[in-house]
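> sequence? don't have it. structure:
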């Protein structure tokens, strides 16, 4: 995602989103040295909100700061990504169990539309579009769940996973996910909590299995 100037009214939160998205997309690759003044200039912001955003990204593990040295985008460490995926899987399982009894017809329609966008992006090899649509699909359940702690934990750990998924996007895995999404949506439509939770587990277990088969470059 380009680091274009942003409206000043959004400040720290928008700076955080833009810089995080650039890291996840690979526009700021692992190892890139980032300077708050340079980023502030590119974003059309003052240094203060950019520094606050970088501090948050350091907490999220996407940026590392070495005192009296430099701040850089962290390398991809597969063990850390796998650990994050385990946590995110557990949070999505919990969210599904809390959300499914509350799901509406509009929620189901939104999930189906998101899965259609996901499938179209997979077919054209658009990793960014596929992952965005995947997030939209699961966000329906996260919003319906309404558990702030679950949402915060997922938001904290998902970017590290998405960074690797974008770098090593595989259409075959994406097509398998389309079918799993269909099963999840069907379970939500019928209010089958156990089936929805089991399918969510399968979705994330498939991703973890793929990560286990990925050689660690570090």
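Yep, it's here. Source: prediction; values computed, not measured.

> please point out which parts of stretch 171-179 sit buried.
For stretch 171-179, burial by neighbour count (16 or more other Cβ atoms under 10 Å) applies to 173, 174, 176, 177, 178. All C-beta atoms are positioned from the backbone trio N, CA, C, and that covers glycine.

> so the third one touches residue 207, yeah?
This points to residue 176. No. Applying Cβ atoms under 8 Å as the test, residue 176 and residue 207 come out as separate, 10.3 Å apart.

> look up the pLDDT of residue 196 for me, please.
Listed pLDDT for residue 196 reads 98.

> could you check how far it is from residue 94?
Separation of residue 196 from residue 94 (Cβ to Cβ, to the nearest Å): 12 Å.

> neighbour-wise, which of the two wins?
The neighbour count for residue 196 versus residue 94, taken as other Cβ atoms under 10 Å, is higher for residue 196 (25 against 18).

> that one touches residue 189, doesn't it?
No. Residue 196 lies out of contact with residue 189 (Cβ under 8 Å); the separation is 9.6 Å.

> for the longest helix along the chain, which outside residues touch it?
The helix that spans the most residues within the chain, counting by DSSP state H, is helix 78-99. If you take Cβ atoms under 8 Å, 6 or more residues apart in numbering as the criterion, helix 78-99 is touched by 61, 138, 141-142, 144-147, 150-151, 153-154, 157-158, 160-161, 163-164, 184, 188, 193, 196-197, 200-201, 203-205, 207-208, 211-212, 214, 216-218.
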